[in-house]
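1. coords below, sequence missing:
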């Protein structure tokens, strides 16, 4: 730094403040965290449009090929596990042999896949589609294990589009003595498994052989075998097979927007209203004060619960209510205390003397004077509103269509995620919420230290 | 002949004291019947102790306080009746220089911005025109119009420089009257004279009338043509400067002059004559002459009965004291 | 002469730590004061005079670095005392302070009398009634009716409160009272009557004073000796007679010419420019940039020259070419 004190380059108090801010490592960390969150939010919005996110979060068939309650891949790998991901084999990769007879075609489809994991799949489904006009085709299924064993899986007619839940097959379960998704992949049964001890995985190349019989010449059969894994993606999945990453990603812009708008809406309006009250005094000030006092004792959360229950849980409505109730908050009293001496400042008297009107004095002379204190308050207020939105969602008052962190937590709670050991389900959104709080708090407290002492000589 | 620019007659500004917002406790008679005139281009000093009403006088004339009674006419217009545009117009005609130069400038505005404010408020739309006038005003007060000066914030300037900016601001709207309320009392001795010189220069060059409010009688001789001595909300004496210094007619003016010392060797060896007591409580001022409880020449039965009117012992030299009756 | 001065300040240095580096508020100040004398430290804002007072009484703000130099009080270097010993033996008993606007420093919820008598209760261990009796005497001395002892500060006018604070500084009969701008917040008449009180106390009690002020007229009211400070240094130290009649330093002369006088027809003249920043003061004479006698020699730090007995000037001029 220059030691030359006489060199006075004109520098705005703001720029000066931000220059000083750089000396706080906590501010730097806070800014990095916030930048990360903003980056995530931007990525989410750009990569996945709003309507797309809504559609995905509504769930259903879009997620047919994802496992239920799968934990994140990295979590499993980090703990040294080797849980299988979801494996899919489709008839397009199949080895097909066709034999034609009169009126009948017999086709053999072999769906091969390698299974070298230490845990069993969570589910096993076969999706079949056939186009036919009158007579349904027929299929016989057989499971070939790596050591050459063949386990017949029965035969059935095929509908236009059908899901065969192999893992739900009661008969098979009884025959194998184990749930099929385990029994079909387990080590040789004959060697015997001690009761209460889980069988080991037989690793190697498996085949599912479909022998189809069509009765119409142009019938084509498409098959897809899905061996659902136990891990999925970066964030895992929930009970509805939805990829939690969608909610975690899209929760970021929603949370940030909610926090930012609520914080800006309340602080700026509150400040302007407080300044107007202080300047005009009289009945306006009295009205603002009384309104604030009444509003302070009104509990915010129950009112939000009430609005949510009786009217709508749309996040934008909630935002409106939060801002409306946040305006006449205790902040008014604080700003009023700060503004009262400013009202008597000589520069305000000078402004009156050269003809500045009330509105101009409030907005141009009083409000800017308090802004330096407002910035840290405002930054630390953002996570408060983010948490409020999450709390509402946890209470079941989340937005019905939007994926948010709070709603993930809500689902996790209703599905007893922690009881079942699905920690990832809770940890993901909670971690993001904590990061948000941490980032803004670190920046806010540093800003406070930079701007508040300046208040005295500003 | 000089035209009176400002005529003040019986001006009173009282502040009501209330308890719990409605119970009237009485009025503080901060300004209680003041008469004087100020000619165009004239400089007059108002001298008095703190609480004597001199700042209330300034604020009443600036339209910041509403007078309780009495009248003031500025260029023939009654101040009490000024409303809306006429009031705004009047405010452009009157410049204001305050005591605390740092406090008088918005701390978050650059010099340029602070000076642009009055121009914007008074409808000087063109940016170039504003810049030109700001630069001219800064040149005039001896700061120069360099970008460094214009881009500085008040805290980057010295007290003297800040006061120059304040004076530039007062000059921007081409006023006919400048009211300077203790413009140098917070500045250092070496700077004081420069600021007073500057005020005097712009005042004479532009023919602006100056109402120089001060507690410091020693600066009055060189920077004002006339002096008004205020005590407890009223004018005790008003006279041309030389006349007042040479032959003070009111015992209060005499006391002020006696208490004031020029820095000289030997001051430490002598005690000053100081009247006993303190200025009265303006919530309940004494009857008759307000100075009578402290006056060394108090005449029982006269001074404590009736308020003395302004006698004129010499031409243009007015003193509100019963001693001057019949002179 | 072998008389030990009451107060001898030797090469006192004090700096404040700031973001941009140390600010040397007091930069090598040496002064002496004999018993019964009043020394006025005169200077404009920011010249370090208040820091000097705070260093003497060791009531420095937190960002001040430990001062360098010595402060001898009757032959004992009290600056070297540990804080506790200084508080017990020196502060208030031998050296007391009246601060600027001290009238606002009175505790609003304690009766004035109790506050004024407090030094006697704490330092002398007197009984309360005895201390209050003494306080009544001191009140009369400073010009307040003893009835005000039982009042609360807000019931007293500003002038009376300032007198009460003065009474508090005098009550333990210290050898030395330091007054930091004791009257600058007061009105002309109040100022004059408090100066009268100080003069009387000095005459009758023989108390020594260090009066710190920016006001040249006030300084002449009490001074036996005057030390003029500029940018952290004493530029001239002389008897009041010499200082007000024949000041030697160019700054002293310009300052005298800048003071408006009631009984003088010549117009006062200001001093152009401003003092250098104490953050990184220029080498050489600190007044050089504003000095009409600026010469190449001024680029070097001027030495302190003793022109006559106890008349010292920090300037090259008297050396270079006789008395300017």
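-> Received, thanks. In this text, all values refer to a predicted model and were calculated from it rather than measured experimentally.

2. what helix or strand is residue 53 on?
-> If you meant another chain, say so; for now it's chain A. Using DSSP states H and E, residue A:53 sits in helix A:50-58.

3. the chain in question should be chain C.
-> Using DSSP H and E, residue C:53 falls in helix C:49-57.

4. what does that helix rub up against?
-> Residues outside helix C:49-57 that contact it (C-beta atoms under 8 Å, 6 or more residues apart in numbering or on different chains): C:7, C:9, C:12, C:14, C:16, C:25-26, C:29, C:41-43, C:60-61, C:64, C:67, C:71, C:79, C:91, C:95, C:97, C:100, C:178, C:180-181, C:210, C:212-214, C:229. To be clear about C-beta, it is placed using only N, CA and C from the backbone, and glycine gets the same treatment.

5. if we can go back for a sec, list the helices and strands the helix holding residue A:53 packs on?
-> helix A:244-280 (3 or more C-beta pairs under 8 Å, 6 or more residues apart in numbering or on different chains; DSSP states H and E).

6. now for the helix it packs on, which elements pack on it?
-> Helix A:244-280 sits against helix A:25-47, helix A:50-58, helix A:282-297, helix A:315-327, helix A:330-343, helix A:367-392, helix A:405-414, helix A:423-457, with contacts defined as 3+ C-beta pairs under 8 Å, 6+ apart.

7. count of neighbours near residue A:229?
-> 22 (other C-beta atoms under 10 Å in any protein chain shown).

8. which residues does it contact?
-> For residue A:229, the contact set (C-beta under 8 Å, 6+ apart) comprises A:67, A:70, A:83, A:84, A:85, A:86, A:87, A:121, A:122.

9. does residue B:211 belong to a helix, a strand or coil?
-> Each residue gets one of three states, and residue B:211 gets strand by DSSP: H, G, I helix; E, B strand; the rest coil.

10. and residue B:312, that's in a strand?
-> Yes: assessed with three-state DSSP, residue B:312 lies in a strand.

11. what residues does the stretch 1-150 of chain C put near chain A?
-> Residues of the stretch 1-150 of chain C lying near chain A by C-beta under 8 Å from any C-beta of the partner chain: C:19, C:20, C:21.

12. try 10 Å
-> Residues of the stretch 1-150 of chain C lying close to chain A (C-beta under 10 Å from any C-beta of the partner chain) are C:18, C:19, C:20, C:21, C:22, C:23.

13. which among those count as buried?
-> Buried subset of the residues of the stretch 1-150 of chain C next to chain A (neighbour count, 16 or more other C-beta atoms under 10 Å in any protein chain shown): C:22, C:23.

14. in helices, which of the residues of the stretch 1-150 of chain C next to chain A fall?
-> Secondary structure assignment (DSSP state H) places none of these within helices.

15. of the residues of the stretch 1-150 of chain C next to chain A, which one scores lowest on pLDDT?
-> Lowest pLDDT among those: residue C:19, with 77.

16. let me have the residues of the stretch 1-150 of chain C next to chain A in JSON lines, extended by distance to residue A:366.
-> Output for the residues of the stretch 1-150 of chain C next to chain A, formatted as JSON lines (distance: C-beta to C-beta, whole Å):
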{"residue": "C:18", "distance to residue A:366": "30"}
{"residue": "C:19", "distance to residue A:366": "29"}
{"residue": "C:20", "distance to residue A:366": "31"}
{"residue": "C:21", "distance to residue A:366": "36"}
{"residue": "C:22", "distance to residue A:366": "37"}
{"residue": "C:23", "distance to residue A:366": "33"}
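
17. before we move on, the earlier item: which of the helices and strands packed on helix A:244-280 sits most buried?
-> Highest mean neighbour count of the helices and strands packed on helix A:244-280: helix A:405-414, a mean of 23 (counted as mean count of other C-beta atoms under 10 Å in any protein chain shown).
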